[in-house]
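# give the three-dimensional model of this entry:
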Amino acid sequence: MKKTELMERYEDAKKCGEEITGIVLIIHMPTGEQETIINPNIEEKMNYIDRTYNDDLVHCNCKDIYIEDVAFCVGGEPGMMFPEAYELMKEGAKVKLPSWGGYWYWDNDKKTIMMHTKDGEELDIRQTDRPEYTFDNICSGDWVIADEENCPELGGEALFSFAEAIKYLKRGMKVARKGWNGKKQYIQLATGISYTFEGKVVNCNHEAIGNKAIAFVGTSGVQMGWLASQADMLAEDWVFAE
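Purely as a prediction, here's the structure:
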């Protein structure tokens, strides 16, 4: 990334119509490690970068310090933005997104964020093998305090909104409402949708979504093209299906 690209991304973020609440920087350090910096003072930080880094985003006083990636936190979602969650972590709190089985916390000895996964594993955020996914999470505005009620790894249960359910559907996961009465019911995004017409298989391509559709799976079979009710869309009891 060049400095001109970074500045263009900043201008694009300002034009989105919502408040920019923070900037997240991945910095390469002289030791070879990555350092994640979250700063809510956007204008001040951008001016500092402009003064201190060259066109290749390398620090003017140390060629071994350079910016590897950047993201802007934009408001508009309910809940807590990451800069606030980050400060709470520094004070000893565990935080998570609503759908998570695990949580993140600050390790004061290592001076880094640790990711405690739904499987009980501990991973330094600098060791993530999916930086795009980690950046998406950091830019979310739906952070909550992880506790014994909402976090499975702490003894609770993770519930999330329909908006989160749609996001996970697009990732290929199965989701369901806790409030559904039928057993083993869930929805999943089906791809490669087609039908037989006069003995020929025709793909159901749609201009906006391609040949995809949400499938409802239950004891009576599969319903293709499932439509959410008002209750489903407004519910906050969505879960991952086993």
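
# Ile67: neighbour count?
Neighbour count for Ile67, taken as other CB atoms under 10 Å: 19. Yep, even glycine has a C-beta here, placed from its N, CA and C like the rest.

# over to Asp147?
Using other CB under 10 Å, Asp147 has 14 neighbouring residues.

# got it, and the one 10 residues further on?
Burial of Glu157 is recorded as 12 neighbouring residues (other CB under 10 Å).

# what is the three-state secondary structure of it?
Judged by DSSP: H, G, I helix; E, B strand; the rest coil, the three-state class of Glu157 is coil.

# gap between the closest residue in space to Ile65 that isn't next to it in sequence and Glu43?
Counting by CB to CB, 6 or more residues apart in numbering, His59 is the residue found nearest to Ile65 once chain neighbours are left out, at 3.9 Å. Per CB to CB, to the nearest Å, His59 is found 20 Å from Glu43.

# what comes into contact with whichever strand or helix holds Met46?
Of the helices and strands defined by DSSP states H and E, Met46 is found in helix 42-52. The contact list for helix 42-52, computed with CB atoms under 8 Å, 6 or more residues apart in numbering, reads 3, 6-7, 10, 20, 22-23, 25, 39, 57, 59-61, 67, 72.

# how far away from the center of its chain is that helix?
Chain-centre distance of helix 42-52: 26 Å, with CA atoms, centre = their mean, to the nearest Å.

# helix 42-52 and the very next helix or strand once past it, what's the angle between them?
With elements assigned by DSSP H and E, the helix or strand that comes after helix 42-52 is strand 66-74. Between strand 66-74 and helix 42-52, the angle comes out at 160 degrees (axes from the mean of the first three to the mean of the last three CA atoms, to 10 degrees).

# could the C-alpha coordinates of strand 66-74 be exported in CSV?
Written as CSV, here are the backbone C-alpha positions of strand 66-74 (Å, rounded to 0.1, in the frame of the first residue of the first chain):
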residue,chain,number,x,y,z
TYR,A,66,6.3,0.4,8.2
ILE,A,67,2.5,0.2,7.9
GLU,A,68,1.3,-3.1,6.6
ASP,A,69,-2.4,-2.6,6.6
VAL,A,70,-5.1,-0.2,7.8
ALA,A,71,-8.8,-0.1,8.5
PHE,A,72,-11.3,2.6,9.5
CYS,A,73,-14.0,1.9,12.1
VAL,A,74,-17.2,3.4,10.9
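
# can you tell me the average pLDDT over it?
Averaging pLDDT along strand 66-74 gives 80.

# contact partners of it?
Defining contact as CB under 8 Å, 6+ apart, one finds that strand 66-74 is touched by 1, 6, 9-10, 13, 16, 18-28, 34, 42, 49, 53, 56-59, 81-83, 131, 135, 138-139, 141.

# just the buried residues of those.
Buried residues within these, counting neighbours by 16 or more other CB atoms under 10 Å: 6, 10, 13, 20-28, 34, 42, 49, 53, 57-59, 81-83, 135, 138-139, 141.

# so which of those residues are in helices?
The members of the buried ones among the contacts of strand 66-74 that map onto helices under DSSP state H are 6, 10, 13, 42, 49, 82-83, 135, 138.

# and the next element down the chain from the helix or strand of the chain with the lowest mean pLDDT?
Using mean pLDDT, DSSP states H and E, strand 200-203 stands out as the lowest-scoring helix or strand of the chain, at a mean of 68. As assigned by DSSP H and E, the chain's next helix or strand after strand 200-203 is strand 212-218.

# partners of the helix or strand following that following strand in the sheet?
For strand 212-218, the succeeding helix or strand toward the C-terminus, using DSSP H and E, is strand 221-224. Paired strands of strand 221-224, with direction, are strand 212-218 (antiparallel) (DSSP bridges).
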